[in-house]
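Engineer: any chance you could fold what I've pasted below:
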Amino acid sequence: MFMLCEGYMVPKDDIPDGWLWGYHIAFHTYSFKWFLHNQFSGEDGGLVGGDILKRFGIEDVDTTECIIVLLVYTLVLEIGFFAVLKVFHTGKRS
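Structural biologist: So this is what the prediction gives:
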């Protein structure tokens, strides 16, 4: 479901209002925006780079925000996995 809402298959402007929460909480959204901005912005984007960014509605990307969101996701998942292993791992082999 998150892959549908990340902005690749359906651009953000075309996502129904009831599904926008999926766009904002999916980590794919931030990695996708960062990737596209990195590849197609500036002179390195080539002749159609600006058109590609405009088609996906991400002409203005805050790369610092994308990095912070991805790092927070990493930390939350690592802490969650550690907590699950700490609680449920008995240390005994079956």
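Engineer: point out where this protein drops to low pLDDT.
Structural biologist: 1-2, 94 (pLDDT under 70).
Engineer: what about Asp60, which helix or strand?
Structural biologist: Asp60 is part of no helix or strand when elements are defined by DSSP states H and E.
Engineer: tell me how many other residues crowd it.
Structural biologist: Neighbours of Asp60 under the rule other Cβ atoms under 10 Å: 8. (Glycine included, C-beta is placed from N, CA and C.)
Engineer: relative to Lys54, how far out is it?
Structural biologist: 11 Å (Cβ to Cβ, to the nearest Å).
Engineer: can you list the buried residues in stretch 6-21?
Structural biologist: Using 16 or more other Cβ atoms under 10 Å as the test for burial, stretch 6-21 gives 6-7, 12, 15.
Engineer: looking at those residues, which one is closest to Leu75?
Structural biologist: For the buried residues of stretch 6-21, the residue nearest Leu75 by Cβ to Cβ is Glu6; the value is 20.8 Å.
Engineer: next up, phi/psi of the closest one, please.
Structural biologist: Phi and psi for Glu6, reported as degrees, to the nearest 10, are phi -70, psi -20.
Engineer: hmm, Tyr23 and it touching each other?
Structural biologist: Yes - between Glu6 and Tyr23 there is a contact under Cβ atoms under 8 Å: 7.0 Å.
Engineer: list the contacts of Asn38.
Structural biologist: For Asn38, the contacting residues are Thr63, by Cβ atoms under 8 Å, 6 or more residues apart in numbering.
Engineer: excluding its backbone neighbours, what's nearest Glu65?
Structural biologist: Once flanking residues are discounted, Glu65 sits nearest to Tyr30: 7.6 Å by Cβ to Cβ, 6 or more residues apart in numbering.
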